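Student: model this:
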Amino acid sequence: MKFMLLVKASTKSEEGHFPSQGLQDAMGRFNGELREAGVRIMAHGLYPSSRGLRIFFPGEGLPPRMEEGPFVPAREVVAGFILFEADNWEEAVAWAKRMPDPQGYGEGEIELRQLHE
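Tutor: Got it, this is the predicted structure:
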């Protein structure tokens with residue numbers, strides 16, 4: 001089964017700030033543990049939403065509408081993701097609970113979702 005940890009943005013990440021070196025090291029260790037366990041597929045951070053674009057599809061036959069970032073509120077924006085495999089939901093939750101606070105400013109939030117296969 002494949003799962004995705006969605007790292008939610010914070011006001012700091014949307015301003016382009018990176019977490020402390022200590023937190024970056026902790027995230028590196030977590031990603032290393034996923035790799036060593038053979039379950040990590042991919043992980044990436046995203047640029048702030050100010051460098052993004054949303055495309056809305058208002059209805060059949062109507063042209064898409066575009067909106068340039070930044071998008072608010074920040075916690076509704078995805079700042080990064082980790083794609084990994086687990087045997088079941090419980091194992092995926094166990095991995096998610098091991099992840100360090102991705103923001104390090106008391107604003108960290110992640111969302112765990114299973115992929116359709």
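
Student: got a list of contacts for the lowest-mean-pLDDT helix or strand in the chain?
Tutor: Ranking every helix and strand in the chain by mean pLDDT, DSSP states H and E puts helix 11-14 at the bottom, with a mean of 90. Outside helix 11-14, the residues that touch it by C-beta atoms under 8 Å, 6 or more residues apart in numbering are P48, S49, S50, P70, A74, V77, A79, Q103, Y105, E107. C-beta: built from backbone N, CA, C; applies to glycine.

Student: what's the helix or strand just after it packed up against?
Tutor: Downstream of helix 11-14, the next assigned helix or strand under DSSP states H and E is helix 21-36. Packing partners of helix 21-36 (3 or more C-beta pairs under 8 Å, 6 or more residues apart in numbering; DSSP states H and E): strand 40-45, strand 78-85, helix 89-98.

Student: Show residues contacting helix 21-36.
Tutor: Helix 21-36 is contacted from outside by 18-19, 40, 43, 82, 84, 95, 98-102, 104, using C-beta under 8 Å, 6+ apart.

Student: Let me know the angle separating that helix from strand 78-85.
Tutor: Per axes from the mean of the first three to the mean of the last three C-alpha atoms, to 10 degrees, the angle that helix 21-36 makes with strand 78-85 is 30 degrees.

Student: what about helix 21-36, average pLDDT?
Tutor: For helix 21-36, mean pLDDT is 95.

Student: same deal with stretch 74-91?
Tutor: 95.

Student: for it, which positions count as buried?
Tutor: Residues of stretch 74-91 classed as buried by neighbour count (16 or more other C-beta atoms under 10 Å): A74, V77, V78, A79, G80, F81, I82, L83, F84, E85, A86.

Student: For the residue nearest to L6 when sequence neighbours are not counted, what are phi and psi?
Tutor: In space, and not counting its chain neighbours, L6 is closest to E111: 4.3 Å by C-beta to C-beta, 6 or more residues apart in numbering. The phi/psi pair for E111 (degrees, to the nearest 10) reads phi -130, psi 130.
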